[in-house]
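J.: Any chance you can model this:
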Amino acid sequence: MLTRRSSPGKPFNAPGRTLSGLDAETAAAVIRAASDIALILDRDGVIRDMAFGSDDLLGEGYGNWLGQPWTGTVTAESRATVESMLHDAASKEPLRWRHVDHPSSHGAHVPVEYAAVQVGSDGRVVAVGRDLRPVAALQQRLALAQQSMERDYGRLRHMETRYRLLFQMVSEAVLIVDAATNKVLEANPASSVLLGESERRVVARPFLDAFAAESRPAIEAMLATVRTGGRADDVIARMIGSEWQLVISAHFFRDESSSLFLVRLTPQAEDSGPANLSISTSTMLAAVVAGAPDAFVVTDPEGRILAANQAFIDLAQLATEEQARGESLERWLGRPGVDLNVMITNLRQFGIVRLFATTVRGERGSDADVEISAVAVPQVKPPCLGFAIRNVGRRLNADTGAGRELPRSVEQLTELVGRVPLKELVREATDLIERLCIESALELTHDNRAAAAEMLGLSRQSLYVKLRKYGLGDLADGVE
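T.: Here you go, the predicted model:
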């Protein structure tokens, strides 16, 4: 934004003596040389004469202002400023520079900074102006330069953010080492795992301290060669207090006035140090799943088996994993067309399924009560589903005792849906209701069987038959 400037801080000491004898032509030449535009105004503010320091303003069509009021040559917003300047000049106020805009035939306004002073006794005013377009252009260039710098800073910040993310997420151990002091300036998480120290303890310590004494001369020689020649052959060094052999490579670069090494640490192929943590973990996890006593199955998003462990092969009574691969898991589940569809729908919606009760049918006719927990893994390529299948038949048998008993509740009854034919379910539901009624009658009559039979509308003999059927009451004393 263009700003107003105040009047000069110090006037001439003796203008009457030093400027005496100046004629009108000389004064006009001085005024014209000191300004880009000069206006001679009468007491009413009408332009009676004018001069231009260059042809730039004449090109705007300002040469025809003679006889026009000064307020008629400026924009509507600047008229009040012009009137104020004329008033200040007439009242001998201190000289002030004021910003005024003139309309232009090219569309944009022409900014001019004016100062007005009254001369003579007849109220004439001399207004001298300075063209502010060069200043405005300079300010515009400054604003554009500032915006360009902001964009460059933004790009640098984004580049630094990407560098930080890459530095933190890369699986290889990478260190930034000061070439002058050989101290570690930065360390990524993989390097702290490899060196067996936290990032905070790795940073600011000498780089060579992590290696055995016999390995340090070779590392120092490599760093010296990299500093002078830009590159050097990798060296193999042993970590202190360990038998791990690391391959060390380094690159030299400068950051402003600092000289730095980018050092990469890689375990030798035969080593299985912490740098191979992700591979070792995956291998261990695969071995655990393969030998787990619970069945594990990996399928595609549609439920076709991609892999299965030995526990599932045994549960499904198959000979090899190849017999299961490519088949739908639904083939071995207790409720065809229901169980797998329900689990896949929940996996697509929620990502996990917990303790889904069903049965697994073996190829040779055996049935096993199971609980299935499952998870969707969409982030791998290709996406897959994982099913953990636990045989709970032994646990259910232990809970219900030897032999099959009637369900004790509606919840237990509903769990049998899909495992037992409907006719048997109806019969068991009838027996369940009958048993519950008898138990309630005995409780209400305080085990008075005669009253209970009457309450149920049964003969005492029929009640005793049902008591024996359901194992209720102590019948050792015979019929009452």
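J.: Tell me how far the longest helix anywhere in the chain lies from the chain's centre.
T.: What stands out as the longest helix in the chain, according to DSSP state H, is helix 133-169. In terms of CA atoms, centre = their mean, to the nearest Å, the centre of helix 133-169 is found 23 Å from the chain centre.
J.: next helix or strand past it?
T.: Downstream of helix 133-169, the first helix or strand assigned by DSSP states H and E is strand 173-178.
J.: what does the very next helix or strand once past that next one contact?
T.: Using DSSP H and E, the helix or strand that follows strand 173-178 in sequence is strand 184-187. With CB atoms under 8 Å, 6 or more residues apart in numbering as the test, strand 184-187 has contacts from 167, 174-178, 195, 199, 202-207, 260. Just so you know, the C-beta spots here come from the backbone N, C-alpha and C atoms, and that holds for glycine as well.
J.: Distance-wise, check the residue nearest the centre of the chain relative to residue 159.
T.: Nearest to the geometric centre of the chain sits residue 165, at 11.2 Å (CA atoms, centre = their mean). For residue 165, the distance to residue 159 equals 11 Å [CB to CB, to the nearest Å].
J.: Any chance of a PyMOL selection covering the buried ones in the contacts of strand 184-187?
T.: Those of the contacts of strand 184-187 that count as buried under 16 or more other CB atoms under 10 Å are selected in PyMOL with:
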select buried, resi 174+175+176+177+178+195+199+202+203+207+260
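J.: out of the contacts of strand 184-187, what pair is the most spread apart?
T.: Pairwise distances across those peak at 20.9 Å for 167 and 206 (criterion: CB to CB).
J.: any idea how far the residue nearest to the centre of the chain lies from residue 200?
T.: Residue 165 sits 20 Å away from residue 200, going by CB to CB.
J.: Now the closest residue to residue 230 other than its chain neighbours. Its backbone dihedrals?
T.: Leaving aside its sequence neighbours, residue 230 sits nearest to residue 252 (CB to CB, 6 or more residues apart in numbering; 5.8 Å). Note on residue 252: backbone dihedrals following degrees, to the nearest 10 are phi -100, psi 140.
J.: ok, now residue 54?
T.: Note on residue 54: its backbone torsions stand at phi -150, psi 170 [degrees, to the nearest 10].
J.: let's number from 14 now, not from 1
T.: Let's use 14 as the start, then, which means that last one is residue 67.
J.: show me the contacts for the residue nearest to it when sequence neighbours are not counted.
T.: Among residues not flanking residue 67 along the chain, residue 49 sits closest, at 6.5 Å (CB to CB, 6+ apart). Listed by CB under 8 Å, 6+ apart, the contact partners of residue 49 are 65, 66, 67, 69, 70, 125, 142, 143, 144.
J.: so the fifth one makes contact with residue 143?
T.: Okay, so that is residue 70. No. With contact defined as CB atoms under 8 Å, residue 70 does not count as touching residue 143 (11.0 Å).
J.: how near is residue 157 to residue 211?
T.: Distance of residue 157 to residue 211, computed by CB to CB: 47 Å.
J.: Apologies, that question was intended for residue 355.
T.: On the measure of CB to CB, residue 355 and residue 211 end up 47 Å apart.
J.: same question, residue 337
T.: When distance is defined by CB to CB, residue 337 is 46 Å away from residue 211.
J.: same question, residue 57
T.: According to CB to CB, residue 57 stands 85 Å off from residue 211.
J.: go on, residue 306?
T.: In terms of CB to CB, residue 306 sits 38 Å off from residue 211.
J.: swap in residue 477?
T.: 78 Å.
J.: For these two, indicate the residue with more neighbours.
T.: Legend: neighbour count by other CB atoms under 10 Å for residue 477 and residue 211, higher for residue 477 (18 against 12).
J.: thinking that one is in contact with residue 462, fair?
T.: Yes. Between residue 477 and residue 462 a contact is recorded at 7.5 Å, counting by CB under 8 Å.
J.: Which parts of the stretch 364-493 of the chain are strands?
T.: Under the criterion DSSP state E, counting those that start in this stretch, the stretch 364-493 of the chain contains strands at 365-374, 380-390, 397-404.
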